[in-house]
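*Asks:* what follows is a protein structure lacking sequence information:
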Ligand code: AQP
């Protein structure tokens with residue numbers, strides 16, 4: 001039996017948005033009262049695509065600030081940056097030797113991110129899921145809160161854990177992790193195209209609500225958000241194939257901690273302009289205080305660095321102990 005432990009990570013690749021918040025960070029905050037939690041700023045993942053070093057540094061700090069502003073308690077949780085704990089990269093190498101090329105070839109995120117020019121993508125982007133498996137299994141985490149887009153990578157993490165346990169005949173050394181995916185809005189979609197996920201790297205800022213957007217900007221983005229000509233349905237079935245409508249209703253449900261069918265009870269039959277003004281109000285009420293707090297925290301960089309330093313030291317203790325066990329299982333010796 002493994003002790004219950006939560007692990008999750010966020011890439012410091014730019015402005016965090018409503019998708020990152022509703023898909024992951026909101027859940028992180030809820031879980032901190034139930035589990036021992038390790039939350040990681042996955043800077044080694046970020047460099048699988050080219051990053052400007054100065055921007056990367058400031059994005060790392062901004063991600064810590066976003067965690068704390070959203071309600072994560074740095075005393076209660078371990079908050080670290082991946083590059084500070086060398087064992088992440090060391091275990092990833094072992095997993096490069098456990099995972100099969102065929103498994104990685106099936107990963108849809110690689111296909112989406114590499115685009116048409118696959119030959120020119122970094123090797124890091126290809127083996128990204130092995131590093132993600134290492135992040136999680138290094139701490140023998142049992143539960144991983146993520147958005148639905150990461151489900152396939154978590155299945156790969158489970159496959160790697162099973163293969164390692166089996167290959168090295170070590171029982172259930174690595175736990176078989178459980179994904180914790182939010183029910184009402186597992187994947188927040190772009191405000192401009194309901195078939196694409198809301199993403200930091202999407203060129204159009206109008207496609208997303210950033211955690212640092214102010215009231216007027218949120219209002220304007222929601223007013224302009226794509227919808228269709230029909231009114232809001234009264235039943236969940238009425239949202240079928242209405243990607244944009246479904247997205248906005250799900251965002252509202254998630255922000256207000258209610259079910260989609262209850263949103264439809266309140267707004268069914270109404271037009272989108274009425275609904276959009278209520279949606280804006282909800283986003284402003286939940287997101288603007290986080291944005292204000294991020295801006296405040298960013299003025300105290302020493303405090304943010306201290307959070308990472310303390311968290312990374314705590315994480316390193318767990319990681320070193322587990323990596324030693326893993327090296328022993330594999331038959332590797334470490335003399336330093
Ligand atoms: N649109 C989304 N809906 C729900 N959850 C989402 N997540 C990301 N986008 C959505 C969840 O946020 C966590 C952190 O994600 P990440 O920053 O590590 O990587 P990502 O999934 O690649 O996020 P982006 O915004 O799309 O970044 P870029 O554009 O840099 O690739 C994860 O739990 C993820 O599921």
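*Replies:* In hand now; what should we look at? It should be emphasised that the depicted structure is a prediction, and the values quoted were computed from it without experimental measurement.

*Asks:* the strands in the stretch 1-150 of the chain, which residues?
*Replies:* The residue ranges that make up the strands of the stretch 1-150 of the chain, judged by DSSP state E, counting those that start in this stretch, are 5-10, 36-41, 78-81, 143-145.

*Asks:* output those strands as JSON lines; include the columns mean pLDDT and distance to residue 69.
*Replies:* (C-beta placed from N, C-alpha, C; glycine too.) Listed next are the strands of the stretch 1-150 of the chain as JSON lines, based on pLDDT from 0 to 100; distance: least, C-beta to C-beta, whole Å:
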{"stretch": "strand 5-10", "mean pLDDT": "98", "distance to residue 69": "13"}
{"stretch": "strand 36-41", "mean pLDDT": "98", "distance to residue 69": "13"}
{"stretch": "strand 78-81", "mean pLDDT": "98", "distance to residue 69": "12"}
{"stretch": "strand 143-145", "mean pLDDT": "97", "distance to residue 69": "18"}
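
*Asks:* can you redo the ones you listed as a markdown table with distance to the ligand?
*Replies:* Listed next are the strands of the stretch 1-150 of the chain as a markdown table, based on distance: least, C-beta to the nearest ligand atom, whole Å:
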| stretch | distance to the ligand |
| --- | --- |
| strand 5-10 | 4 |
| strand 36-41 | 9 |
| strand 78-81 | 13 |
| strand 143-145 | 7 |
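
*Asks:* let's have those strands in CSV, adding mean neighbour count.
*Replies:* Shown next, in CSV, are the strands of the stretch 1-150 of the chain (neighbours: other C-beta atoms under 10 Å):
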stretch, mean neighbour count
strand 5-10, 23
strand 36-41, 25
strand 78-81, 25
strand 143-145, 22
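
*Asks:* out of these, which is closest to residue 121?
*Replies:* Between residue 121 and the strands of the stretch 1-150 of the chain, the tightest spacing by C-beta to C-beta is seen for strand 5-10, at 20.5 Å.

*Asks:* gap between the residue of the stretch 101-250 of the chain found nearest the ligand and residue 88?
*Replies:* For the stretch 101-250 of the chain and the ligand, the shortest gap (C-beta to the nearest ligand atom) falls at residue 147, measuring 2.2 Å. From residue 147 across to residue 88, the span is 21 Å (C-beta to C-beta, to the nearest Å).

*Asks:* contact residues of the protein facing the ligand?
*Replies:* Residues of the chain lying close to the ligand (C-beta under 6 Å from any ligand atom) are 10-11, 13, 19-20, 23-24, 146-147, 149-150, 187-188, 197-201.

*Asks:* the residues you listed, buried ones only, as a PyMOL selection?
*Replies:* Selection of the buried residues among the residues of the chain next to the ligand in PyMOL, burial being defined by 16 or more other C-beta atoms under 10 Å:
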select buried, resi 10+11+13+19+20+23+24+146+147+149+150+187+188+197+198+199+200
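
*Asks:* hmm, back to that, ok, the nearest residue to the residue of the stretch 101-250 of the chain closest to the ligand once chain neighbours are set aside - contacts?
*Replies:* Leaving aside its sequence neighbours, residue 147 sits nearest to residue 23 (C-beta to C-beta, 6 or more residues apart in numbering; 2.9 Å). Taking C-beta atoms under 8 Å, 6 or more residues apart in numbering as the contact definition, residue 23 lies against 146, 147, 148, 149, 182, 185, 186, 187, 188.

*Asks:* what of residue 200?
*Replies:* 11, 13, 14, 15, 16, 17, 20, 208.

*Asks:* same question for residue 197.
*Replies:* In this structure, residue 197 makes contact with 19, 147, 149, 187, 188, 189, 190, judged by C-beta under 8 Å, 6+ apart.
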